[in-house]
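Trainee: Let me see the structure of the following:
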Amino acid sequence: MTLGYSALALVLVILAAALLGRYLRPTGAHRAPQDDAGTVTLEDLLRPTAHGVNDLDYCPAECRYTLHAFGDTTRTCWTCRTETPTAVPR
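Mentor: Residues are numbered from 1 along each chain as shown. The predicted structure follows:
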């Protein structure tokens, strides 16, 4: 009969561990940012810049051609907001 009780105790321990694991599982809230000081809103990303002309040009940050807003001496990528100097002022 001792073997039966030890098997029952083992089953109860496994069941308790499974139930505790279900209710004590981390939710990921400890990894989430506590404030939005470092985040950029979509409205800020789509805000018009001081530049006037839009055209496609090579973006060194993205390593591809993207839409840029050209100013007098710089151009700003609309995708990643990287500002790079222009070779020829527009």
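Trainee: Which helix or strand in this protein has the lowest average pLDDT?
Mentor: The weakest-scoring helix or strand in the chain, judged by mean pLDDT, DSSP states H and E, is helix 42-45 (a mean of 71).
Trainee: Quick check: what element follows that one along the chain?
Mentor: Downstream of helix 42-45, the first helix or strand assigned by DSSP states H and E is strand 53-59.
Trainee: The next helix or strand after that following strand: which residues count as buried?
Mentor: Later in the chain than strand 53-59, the nearest helix or strand by DSSP H and E is strand 64-70. Buried residues in strand 64-70, counted by 16 or more other CB atoms under 10 Å: 66, 68-70. Bear in mind the C-beta positions are built from the backbone N, C-alpha and C, glycine included.
Trainee: May I have the strands that pair with strand 64-70, each with its orientation?
Mentor: strand 53-59 (antiparallel), strand 74-77 (antiparallel) (DSSP bridges).
Trainee: List every C-alpha atom in the first one, with coordinates, as CSV.
Mentor: The C-alpha coordinates for strand 53-59 follow below in CSV (Å, rounded to 0.1, in the frame of the first residue of the first chain):
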residue,chain,number,x,y,z
VAL,A,53,10.1,69.0,-52.1
ASN,A,54,9.4,65.3,-52.0
ASP,A,55,11.3,62.9,-54.2
LEU,A,56,12.8,59.4,-54.2
ASP,A,57,16.5,59.1,-53.2
TYR,A,58,18.8,56.6,-51.7
CYS,A,59,18.6,56.3,-47.9
